[in-house]
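J.: sequence plus predicted model, see below.
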Amino acid sequence: MRILVIGNGGREHALVWKLAQSEKVTKIYCVPGNGGIESLAACVSLSVTDLDGLVRFAKEAGIDLTVVGPEVPLLEGIVDRFEAEGLRIFGPRKAAAQIEGSKRFAKELMVQYGIPTARFRSFTDAEQAKKYVREQGAPIVVKADGLAAGKGVVVAHSVEQAEQAIAQAMEKQVFGDAGKEVVIEEFLNGQEISLMAFLDGKTLQPMVAAQDHKPVYDHDQGPNTGGMGACSPVPQIPQHVIDQAIQTILLPTAEAFREEGIEYRGVLYAGLMVTPEGPKVIEFNARFGDPETQVVLPRLKTDLIDILLSVIGGRLADQKIEWNEEAAVCVVMAAGGYPGSYEKGKVIVGLPRDTRDQVVFHAGTKKADGQITTAGGRVLGVTALGSGIAEAREKAYQLVQQISFAQAHYRTDIAAKALK
């Protein structure tokens, strides 16, 4: 099979890496790819939102299956477009991808179908939003309604901070159109977990749980990022809580889409807070998480191609999915200044060879003149497997110590909660 992967981040490197292990795969292309993906796939210089160009390329290259990594092309309708051209593609259609594209849509769906989530109000007027914040008090959560690359959420610990977040999104428009509307939610206390599932419109099969580390600094300090690292499993969260989340959140959400007449085929991602009242939804995504994919896919024993095809073909109920017992930890090495402004073009040295139990997933890199250089905010996802979290974590940080580039920074406490 000839495979096309859409995207250029660490998640897409992990997808390409996993797909390359399948005996069914003969060639992989990636649009646009990055400096690390180049070693496994032919990188093609196209935009992920150039739907005409992507359709044309898929036809010319004889692509048997396209796998969509990022959310933007899903919301642009890439799946609808490919299907209309008779091309096989993995990911939800535009109507289903709304669950990530509009936080208001997601919240209203949850309220309508009784899916546990934080109380909320949405606003298109900044002054009304600020008035509501003053009435509610802090801590409180301010979210840009649309896509903001994981940076549109502010957990405000004071009313002033919340008002500032509203002004940034709605008045200064730092997130563009994504911030024209904001959703303001009650603050939830607890630990976050990420629960992804394969869904074929009828059958849902959950993946192993993971924990993302969103804030940029140790001890969950500083602004939110796209994710500074992840671990899987999440041993500090009891299995019965994860089972509860599947029963009260994932399955009812799949049923809600059916009730709404929207066929959801692809990955359904639930970002959850485990509160004293049980798990509640923080956000939904319509694709594989990043960096969660970098710790979940290394634990997958089943051929990923078989799973993707069973989802597309509506045969997920007949597909057995197996996971290995090893733990995985991913530490993100980021550019200095991220998630704010940062410089590119720093030479990366000390990259180790990938082995069965250690792999460096490239997120923001570029290959130039035989050297790998930085080309994004999150640069590398340094990932290791071990018999448990402690071993995987130790191996991941040993790898981090070998790698360097100017102004690199990373959290030193990834998976620390899992050790307790």
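T.: Yep, it's here. Numbers count the residues shown, from 1 in each chain.
J.: can you tell me the centre-most residue of this structure?
T.: residue 289 (2.0 Å; CA atoms, centre = their mean).
J.: so that residue touches residue 210, yeah?
T.: Yes: using CB atoms under 8 Å, residue 289 is in contact with residue 210, at 7.2 Å. All C-beta atoms are positioned from the backbone trio N, CA, C, and that covers glycine.
J.: do I have it right that residue 245 meets residue 272?
T.: Yes: using CB under 8 Å, residue 245 is in contact with residue 272, at 5.7 Å.
J.: the more surrounded of those two?
T.: More crowded of residue 245 and residue 272, by other CB atoms under 10 Å: residue 272, with 27 against 24.
J.: give me the element residue 74 is part of.
T.: helix 71-76 (DSSP states H and E).
J.: what sits against the residue nearest to the centre of the chain?
T.: Listed by CB atoms under 8 Å, 6 or more residues apart in numbering, the contact partners of residue 289 are 11, 194, 196, 210, 212, 227, 230, 269, 271, 296.
J.: mind checking the SS state of it?
T.: Classification of residue 289 using DSSP: H, G, I helix; E, B strand; the rest coil returns coil.
J.: what about it, distance to residue 185?
T.: When distance is defined by CB to CB, to the nearest Å, residue 289 is 20 Å away from residue 185.
J.: how about residue 330?
T.: Counting by CB to CB, the gap from residue 330 to residue 185 is 28 Å.
J.: go on, residue 389?
T.: Counting by CB to CB, the gap from residue 389 to residue 185 is 30 Å.
J.: number of nearby residues for the closest residue to residue 376 other than its chain neighbours?
T.: Excluding the flanking residues, the one nearest residue 376 by CB to CB, 6 or more residues apart in numbering is residue 364, at 1.8 Å. Number of residues near residue 364 (other CB under 10 Å) recorded here: 23.
J.: was I right about residue 364 contacting residue 372?
T.: No: between residue 364 and residue 372 there is no contact under CB under 8 Å: 10.8 Å.
J.: helix, strand or coil for the residue sitting furthest away from the middle of the chain?
T.: Of all residues in the chain, residue 135 has its C-alpha farthest from the mean position, at 33.3 Å, by CA atoms, centre = their mean. Following three-state DSSP, residue 135 is assigned to helix.
J.: do you know how far it is from residue 184?
T.: 10 Å.
J.: residues touching residue 246, list them.
T.: So residue 246 contacts 195, 197, 206 (CB under 8 Å, 6+ apart).
J.: out of the residues you listed, which is most surrounded?
T.: Ranked by neighbours (other CB under 10 Å), these are led by residue 195, which has 25 neighbours.
J.: give the other helices and strands that the helix or strand containing that residue contacts.
T.: Element membership for residue 195, per DSSP H and E: strand 191-200. When contacts are defined as 3 or more CB pairs under 8 Å, 6 or more residues apart in numbering; DSSP states H and E, strand 191-200 packs onto strand 204-206, strand 211-212, helix 239-245, strand 265-275, helix 304-312.
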